[in-house]
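Undergrad: turn this into a model:
(chains A and B)
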Amino acid sequence: MILQDKVSFITGSTRGIGWATAREFARHGATVILNHRGSPAILDERRRELEAEFHGTVMGLLADVTDAPAVKNCYLEIFRRFKRLDVLVNNAGILQGGLLGMISDETMRRVIDTNLIGSLMHLQEASRLMGRNRRGSIINVSSILGRFGAGGQTVYAASKAGVMGMTMAAAKELAPKSIRVNAVAPGIIDTEMTRQLPPEKLQQTIAGIRMGRIGRADEVAQVIVFLASDMSSYVTGQVLGVDGGMIV
Amino acid sequence: MIVSSIEKLKNAFVNALGVSPDDDFESMAYGQTPSWDSVAHMTLITEIETAFEIMLPTDDVIGMSSFLKAKEIVARNGVSFA
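TA: Below you'll find the model as predicted:
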């Protein structure tokens, strides 16, 4: 199994791409650390689901990515239990759109705090833990909108473009420690987050996908598995589109 | 062989900064000790965290400006220098 015993922390991993990634990681033998910001019951339920299906080691950490002390505490807990971290999947994110002139300050700050600042905090803490063993793989979940933008998604696009810049800068800084940093840029993926899009907007978007369909969360997860594994041992600083040939 | 906390801390400095075990550790400071630059600083943090099996808060990482300060920070994070 290509992720056998790799201690892997996946933020925002109780649903959507995060949950699909947690399942793929568990399937490939990883020690999975789940994360959720809200309900301990949901986190525990997901933990038990993974343990029952894949019989591996699963841990759950309750923390909001915008809560700096809680983020730091995650890494203390990981250190206490495992003494190392092999993989971070920086996935937690929110999608909140709005036309320019109608975006509240609060929305701007919430999206940037969650999607970018939260990812930066995890990147910083994870890189320190990985640095001890001089190896690791960090995969940031960006978006096709971070590369090409879309009307009504200026703040989200800005946050995800920031994730790409963060990926490329961190890859350069951490390469001497053999810590790889890459990103995936999903297109339209069937998750609760994209189901918030208005139906007519979704149909219009699908019409612009060369493969003629939206993607599945497990199709993104499988790319993340590749980037986490030693199969991509010489790949760093890359942003890999997972978009079915989407035209934006 | 039991290595004292102060020896562990000195070893971390030797490994990270390339200083001699015979150097005057108490005078070492960030930006003044020639090999203690920003890159070496993060190596030093890793060496200290590994040696003492601790994880330092970011404020302590930033605030570790000298050997004596490092001793104080490590002690504050649960290591005895008695």
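
Undergrad: state the pLDDT value of the residue lying closest to A:G97 once chain neighbours are set aside.
TA: Once flanking residues are discounted, A:G97 sits nearest to A:G152: 4.6 Å by Cβ to Cβ, 6 or more residues apart in numbering or on different chains. Heads up, the C-betas are built off the backbone N, CA and C, glycines and all. Predicted confidence (pLDDT) at A:G152: the value is 91.

Undergrad: hang on, isn't A:G152 packed against A:G101?
TA: No. With contacts counted by Cβ atoms under 8 Å, A:G152 stays clear of A:G101, the gap being 11.5 Å.

Undergrad: just to revisit the earlier point, distance of the residue nearest to A:G97 from A:K201?
TA: Here A:G152 is placed at a distance of 8 Å from A:K201 (Cβ to Cβ, to the nearest Å).

Undergrad: and these two? Which one has more around it.
TA: A:G152 (16 against 13; other Cβ atoms under 10 Å in any protein chain shown).

Undergrad: now the helix or strand of chain A with the lowest mean pLDDT: buried residues?
TA: Within chain A, judged by mean pLDDT, DSSP states H and E, the helix or strand with the poorest mean is helix A:199-206; its value is a mean of 85. By 16 or more other Cβ atoms under 10 Å in any protein chain shown, the buried positions in helix A:199-206 come out as A:202, A:205.

Undergrad: can you list the residues of chain B near chain A?
TA: Residues of chain B lying close to chain A by Cβ under 8 Å from any Cβ of the partner chain are B:42, B:45-46, B:49-50, B:53, B:55, B:57-58, B:61.

Undergrad: how about these in TSV, adding secondary structure and pLDDT?
TA: Shown next, in TSV, are the residues of chain B next to chain A (DSSP: H, G, I helix; E, B strand; the rest coil; pLDDT from 0 to 100):
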residue	secondary structure	pLDDT
B:M42	helix	91
B:I45	helix	94
B:T46	helix	91
B:E49	helix	92
B:T50	helix	89
B:E53	coil	88
B:M55	coil	89
B:P57	coil	87
B:T58	helix	87
B:V61	helix	93
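
Undergrad: show me which of those residues are buried.
TA: When neighbours are counted using 16+ other Cβ under 10 Å, the residues of chain B next to chain A contain these buried positions: B:42, B:45-46, B:49-50, B:55, B:61.

Undergrad: and which of those is nearest A:V248?
TA: Minimum distance to A:V248 across those is 38.0 Å, recorded for B:M42 (Cβ to Cβ).

Undergrad: got any ranges where chain B has weak pLDDT?
TA: Low-confidence segments of chain B (pLDDT under 70): B:1.

Undergrad: one more time with 80
TA: B:1-2 (pLDDT under 80).

Undergrad: which stretches in it count as helices?
TA: B:5-17, B:38-52, B:58-63, B:67-76 (DSSP state H).

Undergrad: need the ones you listed in a markdown table with distance to A:V71, can you?
TA: Shown next, in a markdown table, are the helices of chain B (distance: least, Cβ to Cβ, whole Å):
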| stretch | distance to A:V71 |
| --- | --- |
| helix B:5-17 | 26 |
| helix B:38-52 | 17 |
| helix B:58-63 | 10 |
| helix B:67-76 | 20 |
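
Undergrad: for the ones you listed, which one sits closest to A:L145?
TA: Of these, nearest to A:L145 by Cβ to Cβ is helix B:58-63, at 30.4 Å.

Undergrad: give the buried residues for the longest helix seen in chain A.
TA: In terms of residue count, the longest helix belonging to chain A (DSSP H) is helix A:154-174. Residues of helix A:154-174 classed as buried under the neighbour-count rule (16+ other Cβ under 10 Å) are A:154-164, A:166-167, A:170-171, A:174.

Undergrad: so what strands line up beside the following helix or strand past it?
TA: Going down the chain from helix A:154-174, the next helix or strand is strand A:179-186, by DSSP states H and E. Strand A:179-186 has the following strand partners under DSSP bridges: strand A:136-141 (parallel), strand A:239-242 (parallel).

Undergrad: pLDDT below threshold where in chain A?
TA: A:193-194, A:196-197, A:247-248.

Undergrad: just list the residues touching B:T43, thanks.
TA: With contacts defined as Cβ atoms under 8 Å, 6 or more residues apart in numbering or on different chains, the neighbours of B:T43 are B:A16.

Undergrad: and if we set it to 10 Å?
TA: Shown in contact with B:T43 (Cβ atoms under 10 Å, 6 or more residues apart in numbering or on different chains): A:131, A:177, B:12, B:15-18, B:36-37.

Undergrad: please apply the same query to A:S233.
TA: A:135, A:137, A:178, A:180.

Undergrad: what's near enough to touch the first one?
TA: Remark: with contacts taken as Cβ under 10 Å, 6+ apart, A:R135 is in contact with A:84, A:86, A:177-180, A:230, A:233.
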